[in-house]
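[1] Pasting the sequence and the predicted coordinates here, then a few questions.
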Amino acid sequence: MSATVGIDLSSRRLDLVKLDDLNLATHLPVELERDRRATSWERTLRLPELMPPSSWWEDVYLVCVEAPYGAGTGTVAVLNRVVGALAARLPLILWSNHTPPKTQDARDALCLAYYARELNEQAVRRSA
């Protein structure tokens with residue numbers, strides 16, 4: 001079985017959704033914030049230790065990360081750091097609990113996984 005992953009991001013939390021071939025999705029929230037006093041840089045530095053282990057990624061063939069947008073250049077700069085930290089942690093290579101996504105960010109991540117999988121399948125079909 002293979003899976004795609006959609007990732008919704010902010011400077012305080014990442015929402016990862018793994019979507020398998022049977023449309024079963026697993027939501028994994030990654031809370032970057034230890035306390036409210038942490039700076040965005042301190043939160044970003046925590047990302048590597050909080051990401052799922054390499055075994056979580058074994059069946060993943062495609063990852064789609066939300067494009068960072070924000071109200072100003074400062075916000076975008078912070079989110080770009082988060083994207084960089086995230087990309088550095090990705091291995092190179094159904095809601096499984098049968099409950100719907102509880103947050104908008106989890107639903108966004110699920111949509112990213114669906115979109116990435118469909119887009120990739122279209123490209124594979126065209127190249128065949």
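    Structure received. These numbers were taken from a predicted model, which means no experiment stands behind them. Numbering: from 1, shown residues only.

[2] Now for this protein, the helix or strand with the poorest mean pLDDT.
    helix 73-89 (a mean of 81; mean pLDDT, DSSP states H and E).

[3] which other helices and strands contact it?
    The helices and strands touching helix 73-89, judged by 3 or more C-beta pairs under 8 Å, 6 or more residues apart in numbering; DSSP states H and E, are strand 3-9, helix 40-50, strand 60-65. The way it works is simple: take the backbone N, C-alpha and C, and place the C-beta from them, glycine included.

[4] In it, which of the residues would be classed as buried?
    Using 16 or more other C-beta atoms under 10 Å as the test for burial, helix 73-89 gives 78, 79, 81, 82, 83, 85, 86, 89.

[5] from these, which two are the most distant?
    78 and 89 (17.2 Å; C-beta to C-beta).

[6] Could you point out which residue ranges in the protein have low pLDDT?
    Applying pLDDT under 70 to the chain picks out residues 91-100.

[7] longest helix anywhere in it?
    When the chain is parsed with DSSP state H, its longest helix is helix 104-127.

[8] Show me how far that one is from its chain's centre.
    Computed by C-alpha atoms, centre = their mean, to the nearest Å, the chain-centroid distance of helix 104-127 equals 12 Å.

[9] List the contacts of that helix.
    For helix 104-127, contacts defined as C-beta atoms under 8 Å, 6 or more residues apart in numbering pick out 4-8, 10, 13, 15-19, 25, 27, 29, 62-66, 101.
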